[in-house]
Structures are given as C-alpha cells and as structure tokens.
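*Asks:* Below is the structure, and that's it, no one-letter string:
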C-alpha cells in the first residue's frame, strides 16, 4: 500500500511559509536580516508597521511550530488582508503591479491553514496524540 504524503507536506509547507513570514516581521522589528523600511532602520515603536511586525514575529513563530495553528493562521490571514488593502490596493488593481502579490499569497495560505490545521508534524498534533495515550501505571 502506497503511503500518502499530503499530510506531511502540509507540515513542511507550514514550516517554510513561517520561516519566510517571520523574516518579514523581524525586518520591521529588528532590521534583520535587512532593513526593508523606507530610510532603513526599524519601525517606530507603537506604529502600525511596528504592530504588524509584532504579529508577524510572534504569530509566525507559533505558526512555525504548529502551536494553536488554526486561530493563529486566521489572525495572520486577516493581517495580510488588511496589509494588502492598506498598503497595496490603493496603488492599482493588479497585485503584481502594486507589489501586493506576497500579501495575497500569505493571506490565502494562512486562510487555508486556519481550516486545515498544522498537519501531523505540529505541536497541535503532538498535544492531541498525548491526550489519547493511556497513562503509564
């Protein structure tokens, strides 16, 4: 019988997306791995961009490990939808031209994970398995 790899690849994709996403937040928060904001440096503390960085770093870290995947992914999807409409949509209809394609990709990827969960290689799955293991006497 052939093993289906879709569940494991769901987990692998989650880790890769989270790795990329955390970098976006850390660039805003710490200017690492590079300063991406106009003028360089980090986002001013308390600004909208700074809060976006907080959500991206903390939420992305939870998403990376697959902890509270569904609610975290839903929040991240919403953040990316807001980012698209605030930062990109006003610069034209086409996401390729208004530089919003990454926000759209992230938004719908996170929306999918909010329904699908983090896959078998996630802390959510680990916790669920532990609840079903009989205690050792």
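*Replies:* Good, I have the coordinates. In this text, all values refer to a predicted model and were calculated from it rather than measured experimentally. Residues are numbered from 1 along each chain as shown.
*Asks:* so what's residue 57 up against?
*Replies:* 22, 25-26, 29 (CB atoms under 8 Å, 6 or more residues apart in numbering). In this view, the C-beta of every residue, glycine as well, is placed from N, C-alpha and C.
*Asks:* and with 10 Å instead?
*Replies:* By CB atoms under 10 Å, 6 or more residues apart in numbering, the contact list for residue 57 reads 21-30.
*Asks:* Find the nearest non-adjacent residue to residue 101, please.
*Replies:* residue 95 (4.3 Å; CB to CB, 6 or more residues apart in numbering).
*Asks:* follow-up on the earlier one: now list the buried members of the contacts of residue 57.
*Replies:* Listed as buried from the contacts of residue 57 are 21-29; burial here means 16 or more other CB atoms under 10 Å.
*Asks:* Flag the least confident of these.
*Replies:* Ranked by pLDDT, the buried ones among the contacts of residue 57 bottom out at residue 29, which has 90.
*Asks:* SS state for that residue?
*Replies:* Three-state call for residue 29 (DSSP: H, G, I helix; E, B strand; the rest coil): helix.
*Asks:* so it sits right up against residue 47, yeah?
*Replies:* No: using CB atoms under 10 Å, residue 29 makes no contact with residue 47, being 11.2 Å away.
*Asks:* Give me the common contacts of those two.
*Replies:* Common neighbours of residue 29 and residue 47 (CB under 10 Å, 6+ apart) are residue 53.
*Asks:* rewinding a little: mind listing what the residue nearest to residue 101 touches?
*Replies:* So residue 95 contacts 84, 88-89, 101-105 (CB under 10 Å, 6+ apart).
*Asks:* how much space between residue 61 and residue 126?
*Replies:* 16 Å (CB to CB, to the nearest Å).
*Asks:* Equivalent analysis for residue 74, please.
*Replies:* 21 Å.
*Asks:* Likewise for residue 92?
*Replies:* For residue 92, the distance to residue 126 - CB to CB - is 44 Å.
*Asks:* Those two: who's more crowded?
*Replies:* residue 126 (15 against 12; other CB atoms under 10 Å).
*Asks:* can you pull the contacts of that one?
*Replies:* 65-67, 118, 120.
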